[in-house]
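Chemist: What shape does this take:
(one chain, ligands or ions: 1)
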Amino acid sequence: MLQHKGVTPIEQAQNKDDSSTATGNKIKKNKKQYAMKNYVIESLPDYFKQYKKSIKNPKKFWDKIADENFVWYQRWEKVVNYDMHEAKIEWFINAKLNITKNCIDRHLAQRGNKTAIIWEPNDPNEAAQHITYQDLYDRVGKMSNVLRAQGIEKGDRVTIYLPMIPELAVAMLACARIGAVHSVVFAGFSASAVASRINDSGSKVVITSDGSYRGNKTLDLKSIVDDALTKATGVGKVLVVKHTNNEVKIQEGRDLWLQPLLDDAPIENIPTIMDAEDPLYILYTSGSTGKPKGMLHTCAGYMVYIGYTFKNVFNYKENDIYWCTADIGWVTGHSYILYGPLINGATTVIFEGVPTYPEPDRFWSVIEKHKVTQFYTAPTAIRSLAKETTEWVEKHDLSSLKVIGSVGEPINDEAWHWYNDHVGKKKCPIVDTWWQTETGGIMISPLPFVTPTKPTYATLPIPGIQPVLMDEKRNEITGNQVDGNLCIRFPWPGIARTIWGDHQRYKDTYFSAFPGKYFTGDGALRDEVGYYRITGRVDDVIIVSGHNLGTAPIEDSINEHPAVAESAIVGYPHDIKGNALYGFVILKDVGESRDRDNLRKEINQLIADQIGPIAKLDKIQFVAGLPKTRSGKIMRRILRKIAEGDFNNFGDTTTLLDPDVVEAIKNERIG
Ligand code: PRX
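Modeler: This is a model prediction of the structure:
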């Protein structure tokens, strides 16, 4: 049997008894441990009570939740250490755990035959897979042993570039089991984006597949990885899942088909004992420079926070069937397709396809087919499906639904009502959940059947979360019916601990604008009863179809075009995508004679090659100059207004260097 080196006494003890430790620190056996009842908020007064407690004594609050609802090898010595000025945050100091014990092993006795994952393939004629907790244990054990046999050890990084297939979940859990740090890259990113993420994380192994299906399209993921590996270094092995039977090149000595290795691997796998603050995963998000930010989440705090928020925000009950339509390549998938549901012993649906394939009722047909009780999706998907005739949704029985959710961008009033009327049939609370890759889990959201909802409002903070609104002068804005920059005052267990390899950037990005507080980059308003509504980004990030895109990396790509001198990207409102991208581009040669439409295509191709098709621009206007301040800063505010077609509200333009530039751009705006 494959085993990692040196099984420690703690591990031996762990194998005998999930609830004890070898240090003699017997963790209280708690019958409710598996029921996860201890942390459910049942009513509004209860919410306020819990919230008050969590603010008055956050240490006590999280200590109790962590103690009563999770399995640990060793208890913590202290609940939290933090210095918000230095961006240093640690939770559950010196606790020992493995998150996969909490996601899988501890459920086996009572839920071994319960379905953990329902996999719904792209093709509705292909059978869905029902993977029980026992199957998941077996598959993760085998995958863990394969990774160990490939030389992956605790702390090593593994890049995962897979479609939405069960192997994606299994690979992530296997990494977590052996203490490797997974870095999942969304399988819509280009080879260059994959390469920069492999290099930045220093991954030794890549796990990919021969291809992916999305609707009626297939994508050859393996050749994207091959291409990425001509630009990335340090990868010794590429493990390939056979999925589409696409023909792929296998490079001798580097590439291995995964299935034969899994077939030969034993199931039993002793999890690696992880410290509370050992890295669990890296997940890249856009930033204000071309380099993506590898947000690092660690083991214990993340587990506690995701477990707690999943249970409360979705009101998950034992026999529910929960479905989040996000891609696991984004944080929503990490936290609320994989870890949150499994920590709670839930059944989670993983859907490979797209909402419109084979017809625009795929979501509704999957809800009906699997009797989904909680459905969690993005406003952009709601808006695009709301464009279709309501017959698509009405022809399906959606009566299994109890709670419906929204994430990733502000949900507009019209989309909220359509979702409420046609999907929730006015009986399912909509949980409009605000959070970020950086926050790890949901921060502001109604709790279903507890918090009265209000269209377009994320409503109230989760217990333990202290939102504050700040003005430009760094003063806190108190009272209600106010708006400002959204910050968080006290650390919570799920917050990312750093940017992989660049703590200074982490500190500068999130903890310096408003010293002593975490700055979200979002603006928000607080209404007369204290409900929050997120108004959108106040920085250089634009949310397009729920995807978080930084302007800088896109501008860097455009500027690489040989004909381009400079560019600026802004977002403008779009019916379906929420925001779309408008690019203002200065050409090097003012007399450039090449066809403008060809240049536009080339620029978009460059963006697709370097980042991915999601970052392509909807409109590209060639301009002679950009509105700048005397110090050379682009006044994006003005460009935003022009892109929106609003020429009257440019705000203060006294610092504008050359007002004629603005006139010229206005005149040639693309409508
Ligand atoms: O601007 C906010 C928006 O999405 C940003 C975070 O993006 P990302 O890290 O990719 O994570 C997305 C999934 C959690 C936020 O800063 N956002 C997310 N949820 C909402 C939202 N804006 C308004 N309402 C929401 N419910």
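
Chemist: Identify the residues contacting residue 254.
Modeler: Neighbour list for residue 254: 235-238 [criterion: CB atoms under 8 Å, 6 or more residues apart in numbering]. Placement of C-beta: from N, CA and C, glycine included.

Chemist: Swap in 6 Å and give it another go.
Modeler: Taking CB atoms under 6 Å, 6 or more residues apart in numbering as the criterion, residue 254 is in contact with residue 238.

Chemist: How about residue 342?
Modeler: Contacts were defined as CB under 6 Å, 6+ apart; by that measure residue 342 touches residue 103.

Chemist: before we move on, which element is it in?
Modeler: Residue 342 is located in helix 340-343, with elements delineated by DSSP states H and E.

Chemist: What's the mean pLDDT across that helix?
Modeler: Per-residue confidence for helix 340-343 averages out to 98 on the pLDDT scale.

Chemist: So is that helix next to the ligand?
Modeler: No. Contact of helix 340-343 with the ligand (CB under 6 Å from any ligand atom) is absent, the minimum separation being 12.4 Å.

Chemist: Send over that helix as CSV, restricted to the C-alpha atoms.
Modeler: What follows is helix 340-343 as a C-alpha-only set of coordinates in CSV (Å, rounded to 0.1, in the frame of the first residue of the first chain):
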residue,chain,number,x,y,z
GLY,A,340,-19.3,24.0,1.9
PRO,A,341,-21.7,21.3,0.8
LEU,A,342,-19.4,18.4,1.6
ILE,A,343,-18.4,19.8,5.0
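
Chemist: so how far is it off the chain centroid?
Modeler: Mean C-alpha position of helix 340-343 versus that of the full chain (CA atoms, centre = their mean, to the nearest Å) differs by 15 Å.

Chemist: Next SSE downstream of it?
Modeler: strand 347-351.

Chemist: Pull out the buried residues from the helix or strand following that next one.
Modeler: Moving toward the C-terminus from strand 347-351, the next helix or strand (DSSP H and E) is helix 362-370. Of the residues in helix 362-370, those scored as buried under the neighbour-count criterion (16 or more other CB atoms under 10 Å) are 362-368, 370.

Chemist: separation between residue 482 and residue 180?
Modeler: For residue 482, the distance to residue 180 (CB to CB, to the nearest Å) stands at 46 Å.

Chemist: okay, now the closest residue to residue 348 other than its chain neighbours: neighbour count?
Modeler: Closest residue in space to residue 348, ignoring its immediate chain neighbours: residue 341 at 3.8 Å, by CB to CB, 6 or more residues apart in numbering. By the criterion of other CB atoms under 10 Å, residue 341 has 28 neighbours.

Chemist: what's the spacing between residue 341 and residue 165?
Modeler: In this structure, residue 341 and residue 165 are separated by 17 Å, where distance is defined by CB to CB.

Chemist: next one: residue 232
Modeler: Going from residue 232 to residue 165 by CB to CB gives 23 Å.

Chemist: thought residue 310 was touching residue 340?
Modeler: Yes. Applying CB atoms under 6 Å, one finds residue 310 in contact with residue 340, separated by 3.1 Å.

Chemist: Show the average pLDDT along stretch 76-94.
Modeler: Averaging pLDDT residue by residue across stretch 76-94 gives 98.

Chemist: which non-adjacent residue is nearest residue 175?
Modeler: residue 182 (4.0 Å).

Chemist: And for that neighbour, the neighbour number?
Modeler: Neighbours of residue 182 (other CB under 10 Å): 24.

Chemist: right, and the helix or strand after the helix or strand that contains it?
Modeler: Using DSSP H and E, residue 182 sits within strand 181-184. Later in the chain than strand 181-184, the nearest helix or strand by DSSP H and E is helix 191-201.

Chemist: I'd like to know which elements that next one is packed against.
Modeler: With contacts defined as 3 or more CB pairs under 6 Å, 6 or more residues apart in numbering; DSSP states H and E, helix 191-201 has these neighbours: strand 157-161, helix 221-229.

Chemist: From the rest of the structure, what touches the next helix or strand after that helix?
Modeler: Using DSSP H and E, the helix or strand that follows helix 191-201 in sequence is strand 203-209. Counting by CB under 6 Å, 6+ apart, the neighbours of strand 203-209 from elsewhere in the structure are 152, 156-162, 171, 221-222, 225, 235-241, 243.

Chemist: Strand 203-209 versus helix 191-201: what angle between them?
Modeler: Between strand 203-209 and helix 191-201, the angle comes out at 140 degrees (axes from the mean of the first three to the mean of the last three CA atoms, to 10 degrees).

Chemist: Quick one: distance of strand 203-209 to the chain centre.
Modeler: Put simply, strand 203-209 sits 20 Å off its chain's centre (CA atoms, centre = their mean).

Chemist: Looking at the chain, name the residue that lies furthest from the middle.
Modeler: Within the chain, residue 591 marks the point farthest from the mean C-alpha position, 44.5 Å out by CA atoms, centre = their mean.

Chemist: Am I right that that one falls within a helix?
Modeler: No. The assignment for residue 591 (DSSP: H, G, I helix; E, B strand; the rest coil) gives coil, which keeps it out of a helix.

Chemist: quick one on the thing from earlier: so, in contact with the ligand or not, the strand holding residue 182?
Modeler: No. Between strand 181-184 and the ligand, judged by CB under 6 Å from any ligand atom, nothing touches; the nearest distance is 13.3 Å.

Chemist: Direction included, what does that strand pair against?
Modeler: For strand 181-184, sheet partners with direction are given as strand 157-161 (parallel), strand 279-285 (parallel), following DSSP bridges.

Chemist: related to what we said a few turns ago, any idea how far the residue farthest from the centre of the chain is from residue 597?
Modeler: Counting by CB to CB, the gap between residue 591 and residue 597 amounts to 18 Å.
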